[in-house]
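Participant: sequence isn't available, so here's the structure alone:
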């Protein structure tokens, strides 16, 4: 491993800061949504979880559609601007809305805006680098650190504001976070370049179409009890369709490598996303969370995920590692995490240190795999299909989230689930590590 001491290209820091504030906005609202649905809207806990899971998945599922739309019609800079204002508008609707129609319109606006914003911001970052630029991986790691820094800030600040001043004040703060992000990007928009598009429609034409899309998504979310049954197969079909389109523009080996990296992302995040469901229940029922006479809430312990990424991200970003090594290390960390949690399940009232260690290992693995796959997708994108390729990557993340929800709903004993995931992750690590060794030994040499 060698240290990369080269400066990042101009614009990378602006993108990271913009992403940080978008994440502050998104995670701030995400932290409040379920509690708001139960205590204010009157939904049952089960209904709230279904809507929450579908909303989070939609943010990523529609990224695939957003990527195609951006490549063909909007352009990435225009998509960031339109998407950012849709997100900000959605949060403002949440701040002032009392009726169900405006509530679902606000969710639709945030989903539609995020589909445009997230894909385009990542694509613009990728366009700052030449194909073989060694700084690309570091740039995406720093972007990921910015994402989690925004999430960490949101978990603390928005929750405190909502508790002290009411739910709508918390949503309003999320809107302010998005406003700051948009101001940063708009002030530096000329820094970024993108491929020219012939006959690209103007914003006067595109904005109403995007608003119409937000209304349609909001309508789908209003029937969440029905739609959630079709989300996973729809997402998998969409991902397969995107790969089929890319097949015409890529070599077979490149396409297989890209599809393989997406499969690993799905596998990893199926386990990783359990921290928000099964691990929180396990924390409440099996972990001794009282330290020096003070009970630590499970939600506060969950902050170990973004905290670990914020602390380790800058250190790992300075190191250059082969792509295959990062993938294998991700699953090694994941196996360590769930084997630690399995050990905790064997102990009555296990120490909180088990949970902290498990969450820190999961976050470390996430830091190895997520930025690496995003950077690989950016590098592999065919000419004119950068947004579609990045949309497929984001879509793969959502498939992990949906599969995680399916696993969390199976009435297994937590210890059995942790052991199964730990052993499967260890098996994937061994296969990836062996593959890297074989390529190094028999191909390079």
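Facilitator: Sure, I can see it. Here the structure is a predicted model, which is why all the values come from computation and not from measurement.
Participant: number of residues surrounding residue 430?
Facilitator: Other residues within reach of residue 430 by the criterion other Cβ atoms under 10 Å amount to 14. To be clear about C-beta, it is placed using only N, CA and C from the backbone, and glycine gets the same treatment.
Participant: first-to-last residue distance for stretch 286-294?
Facilitator: Across its full length, stretch 286-294 reaches 17 Å end to end, with Cα to Cα, to the nearest Å as the criterion.
Participant: now do it, average pLDDT.
Facilitator: Throughout stretch 286-294, pLDDT has a mean value of 82.
Participant: list the contacts of it.
Facilitator: By Cβ atoms under 8 Å, 6 or more residues apart in numbering, the list of residues contacting stretch 286-294 from outside reads 283, 295-298, 301, 344-345, 349-352, 354-355, 414.
Participant: just the buried residues of those.
Facilitator: Buried residues within the contacts of stretch 286-294, defined by neighbour count using 16 or more other Cβ atoms under 10 Å: 283, 296, 298, 301, 344, 345, 350, 352, 354, 355, 414.
Participant: which ones are touching the residue nearest to the fourth one when sequence neighbours are not counted?
Facilitator: If I follow you right, that is residue 301. Of all residues not flanking residue 301 in the chain, residue 355 sits nearest, at 5.8 Å (Cβ to Cβ, 6 or more residues apart in numbering). Shown in contact with residue 355 (Cβ under 8 Å, 6+ apart): 279, 282, 283, 287, 301, 341, 344.
Participant: go again using 7 Å as the cut-off
Facilitator: 283, 287, 301, 344 (Cβ atoms under 7 Å, 6 or more residues apart in numbering).
Participant: give me the distance between the strand or helix carrying residue 353 and the centre of its chain.
Facilitator: In the assignment (DSSP states H and E), residue 353 maps to helix 352-380. Relative to its parent chain, helix 352-380 has a centroid offset of 11 Å by Cα atoms, centre = their mean, to the nearest Å.
Participant: in it, which residues are buried?
Facilitator: Buried positions in helix 352-380, judged by neighbour count with 16+ other Cβ under 10 Å: 352, 354-380.
Participant: for residue 111, see how far away residue 170 is.
Facilitator: Applying Cβ to Cβ, to the nearest Å, the value for residue 170 to residue 111 is 19 Å.
Participant: based on its surroundings, how many neighbours for the residue nearest to residue 392 when sequence neighbours are not counted?
Facilitator: Nearest residue to residue 392, sequence neighbours excluded (Cβ to Cβ, 6+ apart): residue 242, at 4.3 Å. The local packing of residue 242 (other Cβ under 10 Å) involves 23 other residues.
Participant: and the pLDDT at residue 242?
Facilitator: Looking at residue 242, the pLDDT reads 86.
Participant: ok, it touching residue 394?
Facilitator: No. With contact defined as Cβ atoms under 7 Å, residue 242 and residue 394 do not form a contacting pair (10.7 Å).
Participant: still on that earlier bit, filter the contacts of residue 355 down to the ones in helices?
Facilitator: Taking DSSP state H as the definition of helices, the contacts of residue 355 contribute 283, 301, 344.
Participant: contacts only, for the second one.
Facilitator: Read that as residue 301. Residue 301 neighbours (Cβ under 7 Å, 6+ apart): 283, 352, 355, 356, 359.
Participant: please repeat the previous calculation with a cut-off of 10 Å.
Facilitator: 275, 279, 280, 283, 287, 289, 352, 355, 356, 359 (Cβ atoms under 10 Å, 6 or more residues apart in numbering).
Participant: same question for the last one.
Facilitator: Residue 344 makes contact with 282-283, 286-287, 350-355, 357-358, 414-415, 418 under the criterion Cβ under 10 Å, 6+ apart.
Participant: let's see that with 8 Å instead.
Facilitator: Per Cβ under 8 Å, 6+ apart, neighbours of residue 344: 286, 287, 350, 351, 354, 355, 358.
Participant: please tell me how far it sits from residue 423.
Facilitator: In this structure, residue 344 and residue 423 are 16 Å apart, going by Cβ to Cβ.
Participant: and what of residue 291?
Facilitator: As it turns out, when the distance is counted by Cβ to Cβ, residue 291 lies 31 Å from residue 423.
Participant: show me which of those two is the more surrounded one.
Facilitator: Set side by side, residue 291 and residue 423 show more neighbours around residue 423, with 14 against 11, by other Cβ under 10 Å.
Participant: the more buried one: which element?
Facilitator: Taking DSSP H and E as the definition, one finds residue 423 inside helix 414-439.
Participant: next one: phi and psi at residue 318?
Facilitator: Phi and psi for residue 318, reported as degrees, to the nearest 10, are phi -80, psi -10.
Participant: oh, I was asking about residue 294
Facilitator: When read as degrees, to the nearest 10, the backbone of residue 294 gives phi -110, psi 120.
Participant: the chain should start at 599 in everything you say after this.
Facilitator: Got it, the first residue is 599 from now on, which makes the last one we talked about residue 892.
Participant: count of residues packed around it?
Facilitator: 7.
Participant: what are the bridge partners for it, then?
Facilitator: Taking DSSP bridges, one obtains residue 889 as the residues bridged to residue 892.
Participant: how much space between it and residue 720?
Facilitator: Going from residue 892 to residue 720 by Cβ to Cβ gives 40 Å.
Participant: repeat for residue 884
Facilitator: When Cβ to Cβ is applied, the distance between residue 884 and residue 720 equals 38 Å.
Participant: for those two, work out which one has more neighbours and name it.
Facilitator: Counted by other Cβ under 10 Å, residue 884 and residue 720 do not tie: residue 720 has more neighbours, with 27 against 18.
Participant: thought that one was touching residue 972?
Facilitator: Yes. The pair residue 720 and residue 972 qualifies as a contact (Cβ atoms under 8 Å) at a distance of 6.1 Å.
Participant: next, show the common contact partners of these two.
Facilitator: Once Cβ under 8 Å, 6+ apart is applied, the residues that residue 720 and residue 972 both contact turn out to be 738, 741, 988, 991.
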